[in-house]
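1. Predicted structure and sequence below. I'll ask about it afterward.
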Amino acid sequence: MSASPPPAGMPAEHRQLIAACGLGTLFEWYDFYLYGALAPVLARQFFAALDTGAALVATLLGFAVGFVVRPLGALVFGRLGDLIGRKYTFLATLLLMGGATFLIGLLPGHELLGAAAPAALIGLRLLQGLAIGGEYGGVATYVAEHAPHGRRGAYTGWIQGTATVGLLLALLVIVGTRAALGEAQFSDWGWRIPFLLSVVLVAISVWIRLRLKESPAFRRIKQAGRSSRAPLTEAFGSWSKVKGVLLALFGLVAGQAVVWYTGQYQALFFLTLQLKVDETTASLLVAAALAICAPAFVAFGALSDRVGRKPIIVAGCVAAAASYFTLFEALTRAANPALAQAQAAVPVTLSAGDCSVQWNPLGGEAGGSGCDAARRVLVARSVRYVQRAGDGPAQVAVGARRVEFAAGAEEAAPRALHEALDAAGYPREADPARIDRPKVLGILVLLVLFAAMVYGPIAAALVEMFPTRVRCSSVSLPYHVGNGWFGGLLPAASIAISAHTGQMLDGLWYPVAVASIGALIALLFVPETKDRDIYAGD
């Protein structure tokens, strides 16, 4: 693989520019991902009125809110980036993100504020989503517009790596704080420290970014009076422009998004929620994989300067889609062999006629149908089961043992099912002594490498698809629809699919399908852009 030249090979001004942009973007991703990494703790602090499963689901839905509003942030701040400039726009998003994150660290929990606590938490999460929605387009465009022709992939590859390093930093700060304080104090108040630390990181980033100059491309069109006065209308006001945005979304970004989130966030959730690995061990393993693979984002960005953006992105999507089921099956055997053995050895059947599609299979009200109650237990215990139609009350067969979810057995039936699963060898948590850590790490490294393949070249590809006048708006919207919706909603969609089918790995069909469709669209319709003059027509 061709690697990017080291930063020392760049002009001093460009090294400073990449360092300033990269550091600020890294800290913004750190802020954005803290919420997800601390979801179990936030569930206890802010959703204490709900049972444990429902509280976690509510917290994860709050996590998803930040992704859902990212396209709105892209429209608002993308427009400002095309109107007033790239530099001041990403300064504003940095301050918004840092302020919201700092306030989460100060926010009283449910014990003091009651129902206002989760409402305030979701409100701050909305602000985080708006901020990250405005950050990426401005920074990616700013760096690409400074890059010499033939080096855009290498330059923007440094920015692409900041999302992964931001997640790595969040995991390391959480693990370090937890180790220093102990679990009891961390759960009580220590979880606030990673959020409060953001004020220091933001202050450093703002000081550095204030020293940057505006993008030369934007300065030229501004001085020539050719900057757009209505960026959104110009970017999306005709079918030819909308078609370009849709090609970027479905041909490049949607596939990139599901591969990135599957390889990093979904891998972490899979280890903790489904394989029952303790949070510290899972975080350290994922952090190690992220650290090993962080340089690959720059390397694949630089490689795309030689072979093209499209071949690398398509290859990453195809490789991921072709291997996910094999890799996650192997991950199950390596991280929780007792669970893999129980899934293979003990047949479990759910017979019921009153099942509904559950988007919150890990929680919800204690009531509901017997089928829903049974599936909550089965999904929470990562059981592989077959579902059959039935006429009477829901019934679960665990080997030769049967548990009936009849009226009046709302408490007894789940307890009996847990006991049957215990007897069948389904573990309630992964045995730390049996975790094959080298094998788990190797699988995680492969998953993150796929993410680097699709993510390293994506910024350069998007920047090259759109003109300077509306580049911030045009880059930001498809990127944040793809990553915010296709990627950000992946954990909830995967769990819902698995709960509906009874097969723990069936949720992988979601990223496999999106990545495969994206690769096909890219092959057929998306042009190669690496040799384009991004200033043509300015």
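-> In hand now; what should we look at? Note that the coordinates shown come from a computational prediction; the quantities given were computed from them, not determined experimentally.
2. shouldn't residue 135 be in contact with residue 95?
-> No - with contacts counted by Cβ atoms under 8 Å, residue 135 stays clear of residue 95, the gap being 10.9 Å. (Glycine included, C-beta is placed from N, CA and C.)
3. The two: which is more packed in?
-> residue 135 (29 against 14; other Cβ atoms under 10 Å).
4. in what helix or strand does the more buried one lie?
-> helix 116-146 (DSSP states H and E).
5. now residue 388
-> With DSSP H and E as the test, residue 388 turns up in strand 386-389.
6. And that strand, what's buried?
-> Under the neighbour-count criterion of 16 or more other Cβ atoms under 10 Å, strand 386-389 has residue 387 buried.
7. For the helix or strand just after that strand, enumerate the helices and strands it packs against.
-> Sequence order places strand 394-398 as the next helix or strand after strand 386-389, per DSSP H and E. Judged by 3 or more Cβ pairs under 8 Å, 6 or more residues apart in numbering; DSSP states H and E, the packing partners of strand 394-398 are strand 348-352, helix 370-380, strand 401-405, helix 412-423.
8. quick one: which of these is nearest residue 208?
-> helix 370-380 (45.5 Å; Cβ to Cβ).
9. hmm, who's touching stretch 332-347?
-> Identification of contacts with stretch 332-347 by Cβ atoms under 8 Å, 6 or more residues apart in numbering yields 271, 275-277, 382-384, 386, 397-399, 424-427, 430-431, 434-436, 439-440, 443, 504-505.
10. right, and residue 161 touches residue 290 too?
-> No - contact criterion Cβ under 8 Å: residue 161 and residue 290 do not qualify, at 9.7 Å.
11. quick revisit: give the rounded mean pLDDT of the helix holding residue 135.
-> When pLDDT is averaged along helix 116-146, the result is 84.
12. Flag every buried residue along it.
-> For helix 116-146, a neighbour-count test (16+ other Cβ under 10 Å) marks 117-118, 120-122, 124-146 as buried.
13. helix or strand right after that helix?
-> Using DSSP H and E, the helix or strand that follows helix 116-146 in sequence is helix 152-181.
14. Packing partners of that following helix?
-> By 3+ Cβ pairs under 8 Å, 6+ apart, helix 152-181 packs against helix 12-37, helix 116-146, helix 192-196, helix 279-307, helix 437-455, helix 458-464.
15. So which elements touch the helix or strand hosting residue 481?
-> According to DSSP H and E, residue 481 maps onto helix 471-481. The contact analysis (3+ Cβ pairs under 8 Å, 6+ apart) places helix 471-481 against helix 70-84, helix 116-146, helix 231-236, helix 239-248, helix 458-464.
16. Residue 205 is nearest to which of those helices?
-> helix 116-146 (11.0 Å).
17. chain center to that closest one, what's the gap?
-> When distances are taken as Cα atoms, centre = their mean, to the nearest Å, helix 116-146 is centred 14 Å away from the chain's centroid.
18. What angle do helix 152-181 and it make with each other?
-> 150 degrees (axes from the mean of the first three to the mean of the last three Cα atoms, to 10 degrees).
19. Endpoint to endpoint, stretch 239-257 covers what distance?
-> The straight-line separation of the ends of stretch 239-257 (Cα to Cα, to the nearest Å) is 25 Å.
20. pLDDT on that stretch, on average?
-> 92.
21. Tell me which residues of it come out buried.
-> 241, 244-245, 247-257.
22. likewise stretch 516-536?
-> 516, 517, 518, 519, 520, 521, 522, 526, 529, 530, 534.
23. Then stretch 290-299?
-> Residues 290, 291, 293, 294, 296, 297, 298, 299 are the ones in stretch 290-299 that count as buried (16+ other Cβ under 10 Å).
24. same question, stretch 188-200
-> In stretch 188-200, counting by 16+ other Cβ under 10 Å, buried: 190, 191, 192, 193, 194, 195, 197, 198.
25. what angle separates the helix or strand containing residue 314 from helix 152-181?
-> Using DSSP H and E, residue 314 maps to helix 309-335. Counting by the same axes, to 10 degrees, helix 309-335 lies at 20 degrees to helix 152-181.
26. Could I get the average pLDDT for helix 309-335?
-> pLDDT averaged over helix 309-335 gives 97.
27. Tell me the buried residues in that helix?
-> Buried, per 16+ other Cβ under 10 Å, within helix 309-335: 309-321, 323-324, 327-335.
28. residues near the closest residue to residue 175 other than its chain neighbours, how many?
-> With sequence-adjacent residues excluded and distances taken as Cβ to Cβ, 6 or more residues apart in numbering, residue 175 is closest to residue 283, at 5.3 Å. When neighbours are defined as other Cβ under 10 Å, residue 283 has 22 of them.
29. before we move on, what about residue 428?
-> Using other Cβ under 10 Å, residue 428 is surrounded by 11 other residues.
30. my guess is it contacts residue 422, does it?
-> Yes - contact status for residue 428 versus residue 422: in contact at 7.4 Å, counting by Cβ under 8 Å.
31. ok, back up a step: which among the contacts of stretch 332-347 end up buried?
-> Taking 16+ other Cβ under 10 Å as the criterion, what is buried in the contacts of stretch 332-347 is 271, 275-277, 382-384, 397-398, 424, 426-427, 430, 435, 440, 443, 504-505.
32. in stretch 32-49, what counts as buried?
-> Buried, per 16+ other Cβ under 10 Å, within stretch 32-49: 32-47.
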